[in-house]
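Visitor: Predicted model and sequence below, questions to follow.
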Number of protein chains: 2
Amino acid sequence: MTPEERGRPVRLDRERILDAAAEIVGTEGLPALTMRRIGAELGADPTAVYRHFRNKRELLTELADRLFATEPELDPQAPWAERMRASMWHAMRRYRSHLDLGLLLAGQSDELPSLVRIREESLELLTEVGLTLEQAAMFSQVIENHVVGCGLFFAISGWHSDPPHETLEAMRRFYALLPADVAPLCREAAPHLCPDPDGVFAYTTDLLIAAIERTAAAAGEEVARA
Amino acid sequence: MTPEERGRPVRLDRERILDAAAEIVGTEGLPALTMRRIGAELGADPTAVYRHFRNKRELLTELADRLFATEPELDPQAPWAERMRASMWHAMRRYRSHLDLGLLLAGQSDELPSLVRIREESLELLTEVGLTLEQAAMFSQVIENHVVGCGLFFAISGWHSDPPHETLEAMRRFYALLPADVAPLCREAAPHLCPDPDGVFAYTTDLLIAAIERTAAAAGEEVARA
DNA sequence: ACAGCGCTGTCAACGCAGTTGACAGCCGGG
DNA sequence: CCCGGCTGTCAACTGCGTTGACAGCGCTGT
């Protein structure tokens, strides 16, 4: 209602705007993030934002970069597989929280600093275990697909929070009620369908880690033989 | 310009509307699919659509169901691994073409007939090779995550068509130009980064198939021992 | 110290989106 | 034959991103 706090027009900068945007996305989700809503959050005119960002896309890009810039804490003492696993889990959780944002920005494929940082760390881990740069680049992509695919399942359904046990249960009930002549296996397997997403992620993650270690060992043997 | 073809107001039904919508999405992409655009395509008033669909979401849901309802042709003579591979490739291509749609609708998690059909076929293949229903349910999810994750990489960038060789090359050039003190590995591995998406998919696909066969064999041994 | 200019917030408005309610014409059933 | 409902049309509402004109604050150069 009041465009000013204490008789003075509000003073904005990119930082304050991004703070407000992050607050809105965090509490109300991405669809609620409109220019007008940001203006309201700041107690300023919506169009004031355009003095600091060219357009909404630029704002979203910068916001995404900020939200993706969290680093996993890896214990450098831990064995390699442990660190790899922790890194992948961290990446998955990051996507899980903000995949809608990630999708929007990746859509225009701006190369964000935070994404570069993620790729760099991925390559560090993969080369450390003995992969060539070419192999590391390949597995880095395999991992990213894996992480995105799993993170998607959360973001897709709007579950920003952790385990939507009730939703999964509702889906299982749906499968259980399918007519037997249409989807007999779905009906029969209903109690096991929509398995715990974390469990699925854990399984595939370990599968990939094992494949990486196997590849690294094979490369190592070749080197030793020569 | 003329709302009628031969002096008569146009006559619509769900089928004709969905045809028009599919045509628009196919040629101009999902963002171009507006109610007004559909009306124009049909030579009718945009609001006429609301006589046949409650709102745009209902239309999108039905459209997605139609676009996802393509079946892979599997040679029943072929060995199991071959059929599994073909099925996964088909699924990936399906997502690749229409992932934007898939995301939008899965967002509201309507259970579409075509998605049920896909799950049913997945379970058929997985139980055929010897998995229990529980294992099959689990791997079915693993496969879906894998397929979505890879399909995403295409849809994300708006490449509905096949191989965006030039785009990948541009990204590699970007990585090559990074300052060495920020991302030395990205810089060094640049020529190998952004590997061919089909190659990445093929690798992970074979990895999963091998894991499934191993699991099935282990289960078979247990049965044989008992 | 003061004139001037640019940065930045405000206001009104545009175009386009989805959607609604009132109206009108066509159709089929009693 | 008439009436009621289905369905296309029209005008309009709300909300979105965005633009251009305007106004005030504050910094700079002389």
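Guide: Nice, thanks for sending it over.

Visitor: Chain A: helices as residue ranges?
Guide: Along chain A, counting by DSSP state H, helices occupy A:14-28, A:35-42, A:56-67, A:80-106, A:113-128, A:133-155, A:165-176, A:184-189, A:197-225.

Visitor: mean pLDDT lowest for which of those helices?
Guide: The minimum mean pLDDT among these belongs to helix A:80-106 (a mean of 86).

Visitor: got the buried residues for it?
Guide: For helix A:80-106, the neighbour count (16 or more other C-beta atoms under 10 Å in any protein chain shown) marks A:83-106 as buried. Every residue, glycine included, has its C-beta placed from N, CA and C.

Visitor: just how off-centre is that helix within its chain?
Guide: Helix A:80-106 has its C-alpha centroid displaced from the chain centroid by 4 Å (C-alpha atoms, centre = their mean, to the nearest Å).

Visitor: So which elements touch that helix?
Guide: Judged by 3 or more C-beta pairs under 8 Å, 6 or more residues apart in numbering or on different chains; DSSP states H and E, helix A:80-106 is in contact with helix A:56-67, helix A:113-128, helix A:133-155, helix A:197-225.

Visitor: what's around A:Asp45, how many residues?
Guide: Residue neighbour count, defined by other C-beta atoms under 10 Å in any protein chain shown, stands at 16 for A:Asp45.

Visitor: cool, and A:Asp181?
Guide: Neighbourhood size, A:Asp181 [other C-beta under 10 Å]: 7.

Visitor: got the phi/psi numbers for it?
Guide: phi -80, psi -10 (degrees, to the nearest 10).

Visitor: Contacts only, for the residue nearest to the spatial centre of chain A.
Guide: Residue closest to the mean C-alpha point of chain A, counted by C-alpha atoms, centre = their mean, is A:Tyr95 at 0.7 Å. By C-beta atoms under 8 Å, 6 or more residues apart in numbering or on different chains, the contact set of A:Tyr95 is A:Gly102, A:Val147, A:Val148, A:Cys150, A:Gly151, A:Leu152, A:Ala155.

Visitor: Show me which of those residues are buried.
Guide: For the contacts of A:Tyr95, buried by 16+ other C-beta under 10 Å: A:Gly102, A:Val147, A:Val148, A:Cys150, A:Gly151, A:Leu152, A:Ala155.

Visitor: Quick check: which of these are also close to DNA strand D?
Guide: Among the buried ones among the contacts of A:Tyr95, no residue lies close to DNA strand D (C-beta under 7 Å from any atom of the strand).

Visitor: nearest to B:Thr70, of the helices of chain A?
Guide: Set against B:Thr70 and scored by C-beta to C-beta, the helices of chain A come closest in helix A:184-189, at 19.2 Å.

Visitor: May I see the helices and strands packed on helix A:80-106 arranged in CSV, with distance to A:Ala78 as well?
Guide: As requested, the helices and strands packed on helix A:80-106 are arranged in CSV below (distance: least, C-beta to C-beta, whole Å):
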stretch, distance to A:Ala78
helix A:56-67, 27
helix A:113-128, 12
helix A:133-155, 18
helix A:197-225, 13
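
Visitor: quick one on the thing from earlier: nearest to B:Glu213, of the helices of chain A?
Guide: Of all the helices of chain A, helix A:197-225 comes closest under C-beta to C-beta, at 13.0 Å.

Visitor: Report the inter-axis angle for the closest one versus helix A:165-176.
Guide: On the basis of axes from the mean of the first three to the mean of the last three C-alpha atoms, to 10 degrees, helix A:197-225 is oriented at 90 degrees to helix A:165-176.

Visitor: Can you check what pLDDT the model gives A:His160?
Guide: What the model reports for A:His160 is a pLDDT of 59.

Visitor: got it, and the one 4 residues further on?
Guide: A:Pro164 carries a pLDDT score of 74 in this model.

Visitor: A:Phe68 contacts A:Arg119, correct?
Guide: No - A:Phe68 is beyond contact range of A:Arg119, at 11.6 Å (criterion: C-beta atoms under 8 Å).

Visitor: Pick out the most distant pair among the buried ones among the contacts of A:Tyr95.
Guide: A:Gly102 and A:Cys150 (13.1 Å).
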